[in-house]
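S.K.: next one to model:
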Amino acid sequence: KEFLIITGNGINTVKELIEQNPRFSLQLETLKKKYGNKLNDILAKDETLNLVPYGNHVRGSKFTDVSHWINENLTQTINTICLQIPDFHFGRLDIMFKSREDLEQGKNFSIIELNGAGSEPTHIYDPKHSIFFAWKEIIRHYNILYKISTYNHQKGYSYLNLQQSRQLVIDNRRLTNYLKSIS
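M.R.: Numbers count the residues shown, from 1 in each chain. Alright, predicted model coming up:
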């Protein structure tokens, strides 16, 4: 993920720096609400400002596909982590790390978020990918989920019933509303 980080030049205002980046400028109305008059500030040369400190594609972060990094060491590291999480069979980890090499070795990283089976494969949001690539990856994602669910069901895990599914939706709505109320 590439966050909305601007770098000052000692001349342009924060607003002008935002407007110079087509992706950042799409967030300008939201940023006006958050920053107000601070958008008129001029950052010193090479001073950086992270405008949105969390990686969300809707809020302007750029997602890049680095799936070509996948190798045996990285797979082993991720498996070691995931096998420590009870009943975690499929999902996505959002990880911050110092370097690819450190991550492969399982050091100098933080798990920011654990996303379950319903999370989408975020590499599809890389601007280099087409909508057809995204559809193909989502289908692949659900095919893997289906295979894992079927395997687990054969091992004695039950599928969610309608009441359990409904309760998940209700709980999620309550949590979402709560989070909105405190932000």
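S.K.: where's residue 113, which helix or strand?
M.R.: Residue 113 is part of strand 109-115, with elements assigned from DSSP states H and E.
S.K.: residues of that strand that come out buried?
M.R.: Using 16 or more other CB atoms under 10 Å as the test for burial, strand 109-115 gives residue 109. From N, CA and C alone the C-beta is placed, and that goes for glycine too.
S.K.: ok, and what's touching it?
M.R.: 81, 85, 88, 91-98, 102-103 (CB atoms under 8 Å, 6 or more residues apart in numbering).
S.K.: what's the farthest-apart pair in those?
M.R.: 88 and 98 (24.5 Å; CB to CB).
S.K.: just the CA coordinates for the strand holding residue 113, please, in CSV.
M.R.: Coordinates of each C-alpha in strand 109-115 appear next as CSV, following Å, rounded to 0.1, in the frame of the first residue of the first chain:
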residue,chain,number,x,y,z
PHE,A,109,7.1,-6.8,10.9
SER,A,110,3.7,-6.0,12.5
ILE,A,111,0.3,-7.6,11.7
ILE,A,112,-2.0,-4.6,11.4
GLU,A,113,-5.1,-6.5,10.6
LEU,A,114,-6.4,-10.1,10.3
ASN,A,115,-9.1,-10.4,7.7
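S.K.: that one pairs with which strands, and in what direction?
M.R.: According to DSSP bridges, strand 109-115 forms sheet pairs with strand 92-97 (antiparallel).
S.K.: what mean pLDDT does the partner strand get?
M.R.: Computed over strand 92-97, the mean pLDDT rounds to 91.
S.K.: what's the offset of it from the middle of its chain?
M.R.: Here strand 92-97 is found 8 Å from its chain centre; the criterion is CA atoms, centre = their mean, to the nearest Å.
S.K.: buried ones in it?
M.R.: The neighbour-count check on strand 92-97 (16+ other CB under 10 Å) flags 92, 93 as buried.
S.K.: ok, and what's touching it?
M.R.: When contacts are defined by CB under 8 Å, 6+ apart, strand 92-97 is touched by residues 55, 78, 81-82, 103, 108-115, 119, 121-122.
S.K.: what angle do the helix ranked longest in the chain and strand 92-97 make?
M.R.: In the chain, assigned by DSSP state H, the helix with the most residues is helix 131-154. Angular relation of helix 131-154 and strand 92-97 on a 0 to 180 degree scale: 110 degrees, by axes from the mean of the first three to the mean of the last three CA atoms, to 10 degrees.
S.K.: with just CA atoms, put helix 131-154 into PDB.
M.R.: Output of helix 131-154 as PDB, limited to C-alpha atoms (Å, rounded to 0.1, in the frame of the first residue of the first chain):
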ATOM      1  CA  ILE A 131     -11.400  -5.400 -14.200                       C
ATOM      2  CA  PHE A 132     -11.100  -8.800 -15.900                       C
ATOM      3  CA  PHE A 133      -8.100  -9.700 -13.900                       C
ATOM      4  CA  ALA A 134     -10.000  -8.700 -10.700                       C
ATOM      5  CA  TRP A 135     -13.000 -10.900 -11.600                       C
ATOM      6  CA  LYS A 136     -10.700 -13.800 -12.400                       C
ATOM      7  CA  GLU A 137      -8.900 -13.400  -9.000                       C
ATOM      8  CA  ILE A 138     -12.200 -13.100  -7.100                       C
ATOM      9  CA  ILE A 139     -13.400 -16.300  -8.700                       C
ATOM     10  CA  ARG A 140     -10.200 -18.000  -7.800                       C
ATOM     11  CA  HIS A 141     -10.500 -16.700  -4.300                       C
ATOM     12  CA  TYR A 142     -14.000 -18.100  -3.900                       C
ATOM     13  CA  ASN A 143     -12.900 -21.400  -5.500                       C
ATOM     14  CA  ILE A 144     -10.200 -21.800  -2.800                       C
ATOM     15  CA  LEU A 145     -12.700 -20.800  -0.100                       C
ATOM     16  CA  TYR A 146     -15.200 -23.400  -1.400                       C
ATOM     17  CA  LYS A 147     -12.500 -26.200  -1.400                       C
ATOM     18  CA  ILE A 148     -11.400 -25.300   2.200                       C
ATOM     19  CA  SER A 149     -15.000 -25.100   3.400                       C
ATOM     20  CA  THR A 150     -15.900 -28.500   1.800                       C
ATOM     21  CA  TYR A 151     -12.700 -30.100   3.300                       C
ATOM     22  CA  ASN A 152     -13.500 -28.700   6.700                       C
ATOM     23  CA  HIS A 153     -17.100 -29.800   6.500                       C
ATOM     24  CA  GLN A 154     -15.900 -33.400   5.800                       C
END
